[in-house]
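Undergrad: Coordinates for the following, if possible.
(2 chains)
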Amino acid sequence: MNILAKIKKANLLGRGGGCFSTTLKWKMVDEASGNEKYIVCNASEGEPGVKKDGYILKHRAEEVIEGIEIARSFLNKGKKKIKVKAYIYINGDYYQTLGPGLLECIGKKDIELFVKPHGAGYIGGEETSILNSIEGERIEPRLRPPYPTTNGLWGCPTLINNVETLLNVSLVNSDNYRKERYYTVSGKAQNKGVFYLPDDWTIEKVLKETRNYPFFDFFVQVGGDGSGVVLNKKQLKIPVNGAGTIKVYKLQGHKAEKIMKSWLDFFLGESCGQCTPCREGIYRLSQIVKKDSVDWILFKEILENLEESSFCGLGCAVPIPLKSYLKNVAKLPGVFIQDQKLVCKCFK
Amino acid sequence: MAKIFYITLNNKRTKCSEGETILEVAKRNKISIPTLCHHLDFSAKGNCRICVVEVKEKGSKKKIGDLVTSCSTEARPGMIIKTNSEKVKKSRNLNIELIFSEHVEKCESCVWSLNCSLRKMARDYDVKITRFKERKENRKIYKFANAVEIDGTQCIDCRNCIEACSVMQNINYLEIKGKGYKQEIVPTTNKDFDCIYCGQCALHCPVSAAQEQSEWEEVEKKIRNKKKILVAQFAPSIRVSVGEEFGLPYGKIVTDQIVSGLKALGFDYVFDVNFGADLTTMVEAEELLERIKYKKTIPMITSCCPAWVKYTEFYHPELIPNLTTSRSPHIHLGGVIKTYWARKMKINPKNIEVVSIMPCTAKKYEAKRKEMKVGGNYPVDNVLTTREFAWLMKKNKIKFGKLKNEKSDNPLGEYTGAGAIYGGSGGVMESALRTAHYMACGNKKSGVCRSKIDFKEVRGMDGVKEAVVKVAGSPLRVAVVNGIGNIEPIIENLSNYDYIEVMACPGGCIGGGGQPIPTTKEIREKRIQALYKIDKGKKIRKAHENKGVLEVLDWLEEKKGLEHKVLHTYYYSKRLKRGK
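TA: You can find the predicted model right below:
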């Protein structure tokens, strides 16, 4: 069985958080015409709360590099004319500690470590921003289409895969893939850390099996501490999505105002500023929640506009934590549960 | 041939061809979709998010479609598109309202206020313009010499100015500082780059945040005070563009309306810069032949584009000796007005105010260059852009297009076809070649000296036009650079040429930074065609046959010291002075 068939059979999904079909992505880059192609292993890990890529690079770098080489031989297989250059786009902090080891591991292979520039942040890990970053352009998303699979680095077809995805590729190749994934548990949990467990476990099961299920009332944010969805403790019977993170919050005594502000501050700092809904919308959201009397109708309208008309995934993600928190945890204001006019003073 | 297919556009089966964007299809079918960051000169950026439409792909089971930007999304077979659904309206209006909060309204003094796309949108789409508090009132205004400015309090972050400065002109003077809501358009701090004042940023700004540094208020005051003799002179290219500001078709020739408009504004005399252009041709053609004859610095390069002159002085001071020392047409004419004409009219030149109506922002800068002075007077006291001129007429309720036609005053209003084509890329060169050919031949009229008028090799909208033309039988290697973004490869191969024309703005002056908005490729072409139409319709099409010009030159020749001052100028490196 060739590698693509194996990947298809294993149903590998992108582990950067997007869960895009790995089979499809590989096929698209393979079918794109061009004698020069690129592979980028995304180790930028810019989403707060996600630690697994660093963990994998620390413990399983050989396998990741093996995954890159498998991708390379897949892309130039039988077509010797096709040159494939590979990058590992690595978070600056990881480079500090893991850089030397990685370089040794890479040896003479044609893989370049490209350090994510300081200040590139969360948006600097978005795949088209990575392309801009490597090309020395302003770090922000590109207009799509065209997609990186056909027009990536310097206009060439480019395969961008997360560290964990490439690890899985190497496992699939050697028939060692056991449908497991990495979870990061953080926040008010007793046994925080990175865990390697079956990929279909529910949130509740992951928390229980890792001895992280709290004895107090709590809620969680799943899939990234920035853009992940917020769930109350009755909603945990679903698998962990996105980048595989669970952050535990103590329900009692948590400050709604503070938690909302922390998300908004995060997005406010990360928005690249290209598009109106994100640049202006997030700014207005952060102004609205500062007021004594919060205009929830407008708040919701701006969130929906972000969801529907943003340029990239960052803008679309802003409503996820905010809406789900208001709906699932704060249970206020009513406007997020049923569309009725409600302007309340609940956050001061 | 592109594939043809059908989509459903606002419930109507609509034909499209492969590669067309939704916006293009809508426009073709007279469905209006608002845009701000979209400009036909640039590839789609999709950042203002105002052109969103609702789309359901073929076979989609969704009840409500997704929003996409119509400027950047190609139509695909079977798409079901709504341009004005509730979902579209909600998002579009909110985005317009958010953009309004970035733009501190200064409509009272804004030359753009009557054309403003933001105000039009507020009317057309029932937008609550004051929904959000203005957030940029403390932003800076960056001024570039006395020519162009970028007013951060009005900027809506569409980045068209960056596209114009970097992608189109390859000047790279403007940058984006910061990110998110803090981002700001700023001049670069890199001292290796400088503004050339071409004004393409202003020409592509949808909200007039990038704009000319206006002089219309000063001019209006001068008209009101009436202390001096007020003389207006208007550029070759504006007669084929200013009509657009009053709803006339692209490329409509409105020479006589401009004269009556200027008179109606209160100018005492109106002269035609085409006369100045004929004068420039004489000076330049003579210099060209002299350089070739005595093997002086070759190639000679034109200097009537002040943005190109600034480019040379800053980026390539080593090329200063290659620039013709001839002054530009409006400086020539201004100088003649304040010497020859003043003497003739027995007016003290100090009592004359000359106002140029120009397609250009860099001309404001050129007019204030100290070395332009003749006998202590600036040849030109104020420069108004085409937009400023149109605004003044609108503001004063002058019914442009319906005025009684008037001719320019004489003797400085006569012109030839050669002067007329100065406004388009290749025009300066063609005029000079017509006259150089004559000058080189003297009175001979046969053989290689048969009359030569059209030099079609140097016309057209290509970025670079190269040819070997025959002037009096001798081959002359020429190049025309149409847009400063195309200059560097030519400079690298300078020794391949004898004579080069450079215009910083694409299309030449008809695409100048002071021209009506919008200016696009199609519009530039229509304007330039109109110039050639004027040329063709003229009985006299060679500068050296302009009797008025010959008389002025004779007069100047007798006034030895004055002649050089009025006709020639000099340049100096701006490298040393930068950072000042």
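
Undergrad: drop to CA atoms for contacts and neighbour counts, all remaining ones
TA: Will do.

Undergrad: Would you mind listing the residues in contact with the residue of chain A found nearest chain B?
TA: Residue nearest to chain B within chain A (Cα to the nearest Cα): A:G273, separated by 3.6 Å. Shown in contact with A:G273 (Cα atoms under 8 Å, 6 or more residues apart in numbering or on different chains): A:279, B:179-183.

Undergrad: and with 6 Å instead?
TA: A:279, B:179-181 (Cα atoms under 6 Å, 6 or more residues apart in numbering or on different chains).

Undergrad: Where neighbours are concerned, which of these has the most?
TA: Each of these was scored for neighbours by other Cα atoms under 10 Å in any protein chain shown, and A:R279 scores highest at 28 neighbours.

Undergrad: can you give me the offset of the strand or helix carrying it from its chain's centre?
TA: Element membership for A:R279 (DSSP states H and E) is helix A:276-288. In terms of Cα atoms, centre = their mean, to the nearest Å, the centre of helix A:276-288 is found 22 Å from the chain centre.

Undergrad: tell me the secondary structure for A:K291?
TA: Using DSSP: H, G, I helix; E, B strand; the rest coil, the secondary structure recorded for A:K291 is coil.

Undergrad: Show me what counts as buried in the helix holding A:R279.
TA: A:276-286, A:288 (16 or more other Cα atoms under 10 Å in any protein chain shown).

Undergrad: going on from it, what's the next piece of helix or strand?
TA: helix A:296-309.

Undergrad: if we look at that next one, which residues are touching it?
TA: So helix A:296-309 is contacted by A:277, A:281, A:315-316, A:319, A:343, B:91 (Cα under 6 Å, 6+ apart).

Undergrad: picking that back up, and the helix holding A:R279, anywhere near chain B?
TA: Yes: using Cα under 6 Å from any Cα of the partner chain, helix A:276-288 reaches chain B at A:276, A:279.

Undergrad: relative to helix A:296-309, how tilted is that helix?
TA: Between the axis of helix A:276-288 and that of helix A:296-309 there is an angle of 160 degrees, by axes from the mean of the first three to the mean of the last three Cα atoms, to 10 degrees.

Undergrad: on contacts alone, who are the packing partners of helix A:276-288?
TA: Helix A:276-288 is packed against no helix or strand, with contacts defined by 3 or more Cα pairs under 6 Å, 6 or more residues apart in numbering or on different chains; DSSP states H and E.

Undergrad: Outside of that helix itself, list whatever touches it.
TA: Contacts to helix A:276-288, defined as Cα under 6 Å, 6+ apart, come from residues A:268, A:273, A:294, A:302, A:306, A:310, A:315, B:48, B:180-181.

Undergrad: where in the chain is pLDDT low?
TA: You didn't say which chain, so I picked chain A. A:78-79, A:332-348 (pLDDT under 70).

Undergrad: could you do chain B instead?
TA: Counting by pLDDT under 70, chain B contains low-confidence ranges at B:576-580.

Undergrad: what does it put close to chain A?
TA: Looking at chain A, the residues of chain B close enough under Cα under 6 Å from any Cα are B:47-48, B:91, B:179-181.

Undergrad: Please identify which pair of these lies farthest apart.
TA: Pairwise distances across the residues of chain B next to chain A peak at 23.0 Å for B:S91 and B:K179 (criterion: Cα to Cα).

Undergrad: Could you check how far A:K37 is from A:T149?
TA: 9 Å (Cα to Cα, to the nearest Å).

Undergrad: and the gap between B:H437 and B:V468?
TA: 14 Å.

Undergrad: Specify the helix with the largest residue count in chain A.
TA: helix A:52-76 (DSSP state H).

Undergrad: circling back to that earlier point, between A:K37 and A:T149, what contacts are shared?
TA: A:157-158.

Undergrad: For these two, indicate the residue with more neighbours.
TA: A:K37 (28 against 24).

Undergrad: Helix or strand: which one has the more buried one?
TA: strand A:36-43.

Undergrad: ok, that strand: who's next to it in the sheet?
TA: Here strand A:36-43 has these sheet partners by DSSP bridges: strand A:83-90 (parallel), strand A:158-162 (parallel).

Undergrad: so which of those gets nearest B:W341?
TA: Here strand A:158-162 is closest among the strands paired with strand A:36-43 (Cα to Cα), at 68.7 Å.

Undergrad: Please tell me how far the very next helix or strand once past the closest one is from the chain's geometric centre.
TA: Next along the chain after strand A:158-162, taking DSSP H and E as the criterion, comes helix A:163-173. Centre-to-centre, helix A:163-173 and its host chain are 17 Å apart (Cα atoms, centre = their mean).

Undergrad: same thing with stretch B:218-230?
TA: That offset, for stretch B:218-230, works out to 26 Å (Cα atoms, centre = their mean).

Undergrad: what's around A:V185, how many residues?
TA: When neighbours are defined as other Cα under 10 Å, A:V185 has 26 of them.

Undergrad: Mind checking what secondary structure it has?
TA: Secondary structure, three-state DSSP: A:V185 is strand.

Undergrad: Could you do the one 10 residues further on as well?
TA: A:F195 falls in the strand class when you classify it by three-state DSSP.

Undergrad: so who does the residue nearest to B:M358 when sequence neighbours are not counted touch?
TA: Leaving aside its chain neighbours, B:M358 sits nearest to B:T385 (4.9 Å; criterion: Cα to Cα, 6 or more residues apart in numbering or on different chains). Residues near B:T385 by Cα under 6 Å, 6+ apart: B:357-360, B:514.
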